[in-house]
Structures are given as C-alpha cells and as structure tokens.
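Student: Here is the input, now give the coordinates:
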Amino acid sequence: MLQRALLIAAFVAALLSAPASLRAQLPDPARLAAARELMEVAGVAKQFNEVMPVLAQRLGEAFVAVAPDKADEIREVFKQVAVKFVDRKGELIDQIAALYAEKLSAEDMTAIVAFYKSPVGARFIAIQPEMSRQAMTLGQRWGSAIGREIEAEARRELKKRGIEL
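Tutor: Coordinates of the predicted model:
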C-alpha cells in the first residue's frame with residue numbers, strides 16, 4: 001500500500017512538473033521575437049527566394065540529363081515545384097529563428113540587427129544573394145571535380161585488384 005502511494009505521489013509530481021519542463025524547452029518569447037527580427041533584417045526570405053529557383057533549375061537539369069526527350073515537361077514541373085516550396089519558406093525561417101533564439105541572447109541579436117541596419121551591414125546584406133549563388137556554383141564545381149577525382153582513383157585501385165568498371 002505504501003509502495004503504491006509512493007508511485008502515485010511520484011506520478012503526480014511528474015505530471016505537475018511536466019508543464020514547467022516543457023516551457024523550459026520553448027524559446028523565450030523576447031528572444032524569439034529578436035530572432036525573427038534578425039531573420040527579417042538579414043534578408044533570409046529574400047535569399048531563399050533567390051536561391052530556390054537556381055536550386056530547382058539545377059535539379060531539373062539533372063533530370064533532363066536522364067530524360068532529354070522530356071526536357072520541356074521536366075523544366076515546367078520544376079518551375080511549379082520551386083514556386084510551391086518558395087511559398088513554404090516561413091516554415092524554415094521559423095525554425096532558423098528558434099535556433100538563433102536558443103543560441104543567442106536577445107541582446108546579442110539586437111546588436112546583430114543594429115549591425116545589419118548600419119551602412120556596412122546593409123552592404124553586406126545586399127551582396128548575400130549573389131554570394132550565395134556564387135558559393136553554390138563554386139561548391140558544385142568543387143564537388144564535381146572531387147567526385148571525378150575520387151571516381152578515377154577508385155577505378156585505378158579497383159583495376160589493380162583485377163576489377164574493371
């Protein structure tokens with residue numbers, strides 16, 4: 001009987017403490033608001049709007065390479081899909097804002113926002129879409145080159161072991 005009473009007491013204590021522990025996991029509203037302002041000022045949505053079509057185009061071209069006879073239809077589908085996913089950017093922005101709210105204080109984010117609102121910060125934001133596009137292109141080129149090198153090296157090593165591919 002005493003054991004059952006202790007179990008019930010422990011269960012009730014767990015229930016009463018659960019809401020507090022769940023609240024502790026949610027970002028502080030002030031930090032979340034500061035993070036959302038940071039996302040807005042930093043131009044995250046604009047960057048996403050500019051990068052998404054490029055990403056969709058490149059993915060579409062990969063599909064075209066597999067089925068060149070269906071190129072027009074594939075490109076049309078990827079344009080439609082890109083628009084659909086651009087419209088969902090709010091989901092990602094909310095997740096990123098929550099991440100910033102978890103890692104940075106409201107004061108930190110306020111200071112970052114002040115930087116972004118400064119002349120040099122505004123210039124920094126202005127070049128980000130182009131920098132993102134160029135960085136993506138550089139990353140793809142680098143990845144392709146490394147991929148070719150890995151493939152060639154693996155083929156040489158396999159050939160040494162009597163495996164021709």
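Student: Going by C-alpha atoms from here, please, whenever you check contacts or count neighbours.
Tutor: Noted.
Student: tell me what the longest helix anywhere in the chain is packed against?
Tutor: The helix of greatest length in the chain, counted in residues with DSSP state H as the criterion, is given as helix 119-160. Helices and strands touching helix 119-160, as assessed by 3 or more Cα pairs under 8 Å, 6 or more residues apart in numbering; DSSP states H and E, comprise helix 44-66, helix 106-117.
Student: So for P27, which of these sits nearest?
Tutor: helix 106-117 (10.8 Å; Cα to Cα).
Student: Buried ones in that closest one, by neighbour count?
Tutor: 106, 108-110, 112-113, 115-116 (16 or more other Cα atoms under 10 Å).
Student: and it, what does it pack onto?
Tutor: Using 3+ Cα pairs under 8 Å, 6+ apart: helix 106-117 touches helix 29-42, helix 119-160.
Student: one step back: now flag whichever of the buried residues of helix 106-117 is closest to E50.
Tutor: For E50, the closest of the buried residues of helix 106-117 turns out to be Y116, at 19.3 Å, with distances computed as Cα to Cα.
Student: Return the most buried member of the helices and strands packed on helix 106-117.
Tutor: Looking across the helices and strands packed on helix 106-117 with neighbours counted as mean count of other Cα atoms under 10 Å, the highest average goes to helix 29-42: a mean of 20.
Student: now the angle between helix 106-117 and it, please.
Tutor: With axes from the mean of the first three to the mean of the last three Cα atoms, to 10 degrees defining the directions, helix 29-42 sits at 10 degrees from helix 106-117.
Student: And for helix 29-42, what's in contact with it?
Tutor: Defining contact as Cα atoms under 8 Å, 6 or more residues apart in numbering, one finds that helix 29-42 is touched by 45, 93-94, 97-98, 100-102, 104-106, 109-110, 112-113, 116-117, 125.
Student: How far does it sit from its chain's centre?
Tutor: Centroid separation for helix 29-42 versus its chain: 17 Å, with Cα atoms, centre = their mean, to the nearest Å.
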